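A.B. asks: Mind folding the following:
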Amino acid sequence: MARDEDELELFRYELPEDLIARRPVSSRSSARLMVLDRGAKSIEHASFESLSSYFDEGDCLVLNETRVIPCRLDGTRTETGGKLELLFVRKRERSLWEALVRPARRLRDGTDVSVSGGATMKIIERVSGARFLVEVPENFESYLEQWGKMPIPPYLKRAPDSQDKKDYQTVYARVLGSSAAPTAGLHFSRETMRKLEAKGVSVTKLVLHVGPGTFKPLVPGPLSSQKLDPEYYEITSETCHVVNRTRGRGGRVFAVGTSTARALETVTALANNGRDSSLVPSHGWTEKFIYPPYEFRAIDALVTNFHLPASSVLLLVCAFAGTEFTLSAYEEAKERQYRFYSYGDAMLII
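C.D. replies: The predicted structure is shown next:
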């Protein structure tokens, strides 16, 4: 395929609407688990409850402990009564946040917006497209915890409710900052974690705050021209020590989710200018876009979900497992009625 053609076409697939999971299964770890063995090119079908059986003593598991902000608000233009939807994606200063606002076309600077709880905020300026700088009330994080709704994906085609505040959050979420969940982690229960630790698996954590760009469609054309929205990450010295020790002793590094994989690969590239696979403590912003072909240096296995066609996260999975193998596994998942996307079933790639 010529480099100026739509290279994304290779990563598109058709999915029946009834395979999109609108809600998670009742018990987190009772989701189905498809296991892809890259070496053997084999596929197994299991339950997420059996995840620990694929680990050996001395392996390590890396989790993304970001916490999703209930950052979606319904608002009303104070002057006209027109309805708005606001999704707050990044804090600039104490009283200034960036938000995606719909509808955005006729929204003017200086517009006052009334929101739940009798609060008022002001549109300061358009940043770009539907992204605006918004002046918010004092103690805005606390306000969102009380009045905000969870930013569930648009393809669910329903309004978020109180159940999503539990379902759309991992059990180990700690550091507030995401406007989308690291969904591979939604399958983990406390019991799953206990089984892994009892088997001698080291569990460690990092932070990558997932933004709305995770649902942003890639632009048709060459993959090398794609740009991802920057996302903030932090990897501590403790996590680096656990991962480097695991590698030094011959263990495997399992990343939970594409966000964890991207953070680890970002930091590995910083270590000795990418000349070895050791991790160094780091924090900052990553725009790393991983697509085939790509040589992974930080991870040996990946826990993930079934992703949207031609999405950046699907391309990362294809880079790790191989495009043909991944897409054939997706076809088998469809035939076997796996549940897709954020609230769907899981995949383990070893």
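
A.B. asks: how much space is there between residue 8 and residue 236?
C.D. replies: According to Cβ to Cβ, to the nearest Å, residue 8 stands 36 Å off from residue 236. C-beta: built from backbone N, CA, C; applies to glycine.

A.B. asks: er, residue 163 actually
C.D. replies: 33 Å.

A.B. asks: neighbour count winner among these two?
C.D. replies: Neighbours were counted for residue 163 and for residue 236 using other Cβ atoms under 10 Å; residue 236 has more, 16 against 11.

A.B. asks: which residue packs closest to the more buried one, ignoring adjacent ones?
C.D. replies: Once flanking residues are discounted, residue 236 sits nearest to residue 281: 5.9 Å by Cβ to Cβ, 6 or more residues apart in numbering.

A.B. asks: Then residue 200?
C.D. replies: Residue nearest to residue 200 in three dimensions, not counting chain neighbours: residue 57, with 3.4 Å by Cβ to Cβ, 6+ apart.

A.B. asks: Residue 140 versus the residue nearest to residue 236, what's the distance?
C.D. replies: Residue 281 is 30 Å from residue 140, by Cβ to Cβ.

A.B. asks: who touches residue 214 in this structure?
C.D. replies: 180, 259, 311-313 (Cβ atoms under 8 Å, 6 or more residues apart in numbering).

A.B. asks: tell me the helices in the chain, going along the chain?
C.D. replies: 140-147, 164-167, 190-198, 237-248, 258-270, 312-321, 323-335 (DSSP state H).

A.B. asks: How far off centre is stretch 235-244?
C.D. replies: Mean-position distance between stretch 235-244 and its chain equals 21 Å (Cα atoms, centre = their mean, to the nearest Å).

A.B. asks: any low-confidence regions in the stretch 151-300 of the chain?
C.D. replies: Applying pLDDT under 70 to the stretch 151-300 of the chain picks out residues 272-276.

A.B. asks: try it again with 80
C.D. replies: Low-confidence segments of the stretch 151-300 of the chain, defined by pLDDT under 80: 213-216, 271-277.

A.B. asks: In the record's domain split, what are the boundaries for this protein?
C.D. replies: Split into domains by automatic domain parsing, the chain comes to 7-68+165-349, 72-148.

A.B. asks: Between the two ends of the last one, what distance do you get?
C.D. replies: Right, the one you point to is domain 72-148. One end of domain 72-148 sits 5 Å from the other (Cα to Cα, to the nearest Å).

A.B. asks: what do you get for the first one?
C.D. replies: Using Cα to Cα, the gap from the first to the last residue of domain 7-68+165-349 comes to 24 Å.

A.B. asks: next one: phi and psi at the residue nearest the centre of the chain?
C.D. replies: Compute the mean C-alpha point of the chain, and by Cα atoms, centre = their mean the closest residue is residue 182, 3.6 Å away. Main-chain torsions, residue 182, degrees, to the nearest 10: phi -80, psi 90.

A.B. asks: who does the longest strand along the chain touch, helix- and strand-wise?
C.D. replies: Using DSSP state E, we find that the single longest strand of the chain is strand 83-93. Where contact means 3 or more Cβ pairs under 8 Å, 6 or more residues apart in numbering; DSSP states H and E, strand 83-93 is packed against strand 72-77, strand 96-102, strand 112-115, strand 131-135.

A.B. asks: Of those, which is nearest residue 171?
C.D. replies: Closest approach to residue 171 among the helices and strands packed on strand 83-93 (Cβ to Cβ): strand 72-77, 21.9 Å.

A.B. asks: for the stretch 151-300 of the chain, what spans make up the strands?
C.D. replies: For the stretch 151-300 of the chain, the strands defined by DSSP state E, counting those that start in this stretch cover 175-178, 202-208, 231-235, 253-256, 282-286.

A.B. asks: Between helix 237-248 and the second one, find me the angle.
C.D. replies: Going by axes from the mean of the first three to the mean of the last three Cα atoms, to 10 degrees, strand 202-208 is angled at 130 degrees with respect to helix 237-248.

A.B. asks: The residue nearest to the centre of the chain contacts residue 168, correct?
C.D. replies: No - the pair residue 182 / residue 168 is not scored as a contact, 10.5 Å apart, by Cβ atoms under 8 Å.

A.B. asks: Quick check: the gap between residue 194 and residue 50.
C.D. replies: 14 Å.

A.B. asks: of the two, who's got more company?
C.D. replies: For residue 194 versus residue 50, the count of surrounding residues by other Cβ under 10 Å is larger for residue 50: 15 against 11.

A.B. asks: OK, contacts around the more buried one?
C.D. replies: The neighbours of residue 50, taking Cβ under 8 Å, 6+ apart as the test, are residue 33.

A.B. asks: Please say which of residue 281 and residue 140 ends up with more neighbours.
C.D. replies: Using other Cβ under 10 Å as the criterion, residue 281 and residue 140 rank with residue 140 on top: 22 against 13.

A.B. asks: The more buried one against residue 96, yeah?
C.D. replies: No - contact criterion Cβ under 8 Å: residue 140 and residue 96 do not qualify, at 9.7 Å.

A.B. asks: before we move on, back to that, now the helices and strands packed on strand 83-93 in a markdown table, with mean neighbour count and mean pLDDT?
C.D. replies: What follows is the helices and strands packed on strand 83-93, written out as a markdown table (neighbours: other Cβ atoms under 10 Å; pLDDT from 0 to 100):
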| stretch | mean neighbour count | mean pLDDT |
| --- | --- | --- |
| strand 72-77 | 19 | 96 |
| strand 96-102 | 19 | 96 |
| strand 112-115 | 18 | 97 |
| strand 131-135 | 20 | 97 |
